[in-house]
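Peer 1: I would like to see how this sequence folds:
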Amino acid sequence: MDTQKLPVRQSDTTDAVFSPMDKSHTLHFSDIGGLDDLKQLARIKIIEPFKRPELFKKFNKAAGGGLLLYGPPGCGKTMFARAIAGECKAAFFNVGIHDILDMYVGNSEKNIAALFTTARAAKPAVIFIDEIDALGRKRGLMRHSGLTSTINAFLAELDGAQSDNENLLVLGATNAPWDVDSAFRRPGRFDRCLFVPPPDQPARQVILQLLLQQLPTATLDITKLAESSADYSGADLKGLVDSVSEQVLQHIIESGEDALIEQQMLETHLALHKASTLEWLQTASQVVEFAGDTGYYQDLAQYLASRQKPKWRIGF
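Peer 2: The predicted structure is shown next:
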């Protein structure tokens, strides 16, 4: 779409107002089960610079900057971002791409300026932008050339060319990091990245316990269910519980008899439904294979290698 064809708003102001999430909704790593390796990486790359600024300044390292969270859909990138802000004791701004982009010329840029101005006033602060690839998509994949000025305005704020961005962390989340333009991934921007994988077994066990604790259930083996749901995302696990709940409700309505959620129902569902992350992981494995030794997807490559089953050979 050509920029000349964009509608122009008569007013030179926008209605965008940004405010941090209420402190009562703050999360910490203790609220997230499992994912110990990811938590350790986040501590080293993000949290310690916020907690020990004097030490990191000796090595010319400052808290803040940009960081890209990527992984399959439904695996808790937003929740993990909230926990990072909680560990840093920082104000958390949860921003959707729809909060930034505006159909009228110039208003997207004003929204970006308002967001960063508000966040800088609340430092230490974390700005979390979901679906960052919608803003930072590779130029060859972009449909709207009119986004160029918006992208430039965002990158200027991220660089902090005219402002102090110390103690301001910008987290971007995407399901497709390979679609993010290289201009976003250069040093000083989103050059650091963290892979948020499907929940591991301890995390799946915690998620299942939370999803089932308020429901009428028979005696359940949560550990066995967690073992049987490898590669399931948090969204997949919620879908599992919702589907079986509907099955029990339908039985009660049709028969007039009371019923409970039983182990066999959950195991049958797991046997019949594949994890939604498998397609993403297959695409990711192809990207890693052809990405070369750039190091950008190192944690993803390690995760994929850990999933591969050993190839048994006969003989010596």
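
Peer 1: quick one: average confidence on the lengthiest helix in the chain?
Peer 2: For the chain, the longest helix by residue count, based on DSSP state H, is helix 234-255. Computed over helix 234-255, the mean pLDDT rounds to 96.

Peer 1: If you count contacts, what does it end up packed against?
Peer 2: Helices and strands touching helix 234-255, as assessed by 3 or more C-beta pairs under 8 Å, 6 or more residues apart in numbering; DSSP states H and E, comprise helix 201-212, helix 263-272. Every C-beta, even on glycine, is put in place using the N, C-alpha and C of the backbone.

Peer 1: Can I get it in CSV, CA atoms only?
Peer 2: Written as CSV, here are the backbone C-alpha positions of helix 234-255 (Å, rounded to 0.1, in the frame of the first residue of the first chain):
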residue,chain,number,x,y,z
GLY,A,234,0.7,-24.8,27.7
ALA,A,235,-2.2,-24.0,25.3
ASP,A,236,-2.3,-27.7,24.3
LEU,A,237,-2.6,-28.8,27.9
LYS,A,238,-5.5,-26.3,28.4
GLY,A,239,-7.1,-27.7,25.3
LEU,A,240,-6.7,-31.2,26.7
VAL,A,241,-8.5,-30.3,30.0
ASP,A,242,-11.2,-28.3,28.2
SER,A,243,-11.9,-31.1,25.8
VAL,A,244,-12.2,-33.8,28.5
SER,A,245,-14.3,-31.4,30.6
GLU,A,246,-16.8,-31.0,27.7
GLN,A,247,-16.9,-34.7,27.3
VAL,A,248,-17.9,-35.2,30.9
LEU,A,249,-20.4,-32.4,30.8
GLN,A,250,-22.1,-33.9,27.7
HIS,A,251,-22.3,-37.3,29.5
ILE,A,252,-23.9,-35.7,32.5
ILE,A,253,-26.5,-33.8,30.4
GLU,A,254,-27.4,-36.8,28.3
SER,A,255,-27.5,-39.5,31.0
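
Peer 1: Mean pLDDT and mean neighbour count added to the helices and strands packed on helix 234-255, as TSV?
Peer 2: Formatted as TSV, those follow (pLDDT from 0 to 100; neighbours: other C-beta atoms under 10 Å):
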stretch	mean pLDDT	mean neighbour count
helix 201-212	94	19
helix 263-272	96	15
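
Peer 1: want to throw those helices into JSON lines with distance to residue 108?
Peer 2: Listed next are the helices and strands packed on helix 234-255 as JSON lines, based on distance: least, C-beta to C-beta, whole Å:
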{"stretch": "helix 201-212", "distance to residue 108": "36"}
{"stretch": "helix 263-272", "distance to residue 108": "43"}
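
Peer 1: which stretch of helix or strand covers residue 66?
Peer 2: Per DSSP states H and E, residue 66 falls inside strand 65-70.

Peer 1: To clarify, my last question referred to residue 93.
Peer 2: Residue 93 belongs to strand 91-95, assigned by DSSP H and E.

Peer 1: Can you give the contact residues for that strand?
Peer 2: 18-21, 26, 78, 81-82, 85-86, 115, 118-119, 122-130 (C-beta atoms under 8 Å, 6 or more residues apart in numbering).

Peer 1: how about the strand holding residue 66: buried residues?
Peer 2: Using 16 or more other C-beta atoms under 10 Å as the test for burial, strand 65-70 gives 65, 66, 67, 68, 69, 70.

Peer 1: do the same with stretch 281-292
Peer 2: 281, 284, 285, 288.

Peer 1: cool, stretch 105-120 as well?
Peer 2: Under the neighbour-count criterion of 16+ other C-beta under 10 Å, stretch 105-120 has 105-116, 118-120 buried.

Peer 1: that older thread, which neighbours does the strand holding residue 66 have in its sheet, and in what orientation?
Peer 2: Here strand 65-70 is paired, per DSSP bridges, with strand 168-174 (parallel), strand 192-195 (parallel).

Peer 1: weakest of the ones you listed by average pLDDT?
Peer 2: The weakest mean pLDDT among the strands paired with strand 65-70 belongs to strand 192-195, with a mean of 89.

Peer 1: you'd agree residue 235 is up against residue 74?
Peer 2: Yes: with contacts counted by C-beta atoms under 8 Å, residue 235 reaches residue 74, the gap being 2.9 Å.

Peer 1: Any chance you could list what contacts the helix or strand hosting residue 278?
Peer 2: Assessed by DSSP H and E, residue 278 sits inside helix 277-291. Helix 277-291 has contacts (C-beta under 8 Å, 6+ apart) with 71-75, 175, 178, 198, 231-233, 236, 297, 300-301, 304, 307.

Peer 1: pLDDT of that helix, averaged?
Peer 2: On average, helix 277-291 scores 90.

Peer 1: could you check the angle helix 234-255 makes with it?
Peer 2: Between the axes of helix 277-291 and helix 234-255, defined by axes from the mean of the first three to the mean of the last three C-alpha atoms, to 10 degrees, the angle is 160 degrees.

Peer 1: Report the central residue of the chain.
Peer 2: By C-alpha atoms, centre = their mean, the mean C-alpha position of the chain lies nearest to residue 77, the distance being 2.2 Å.
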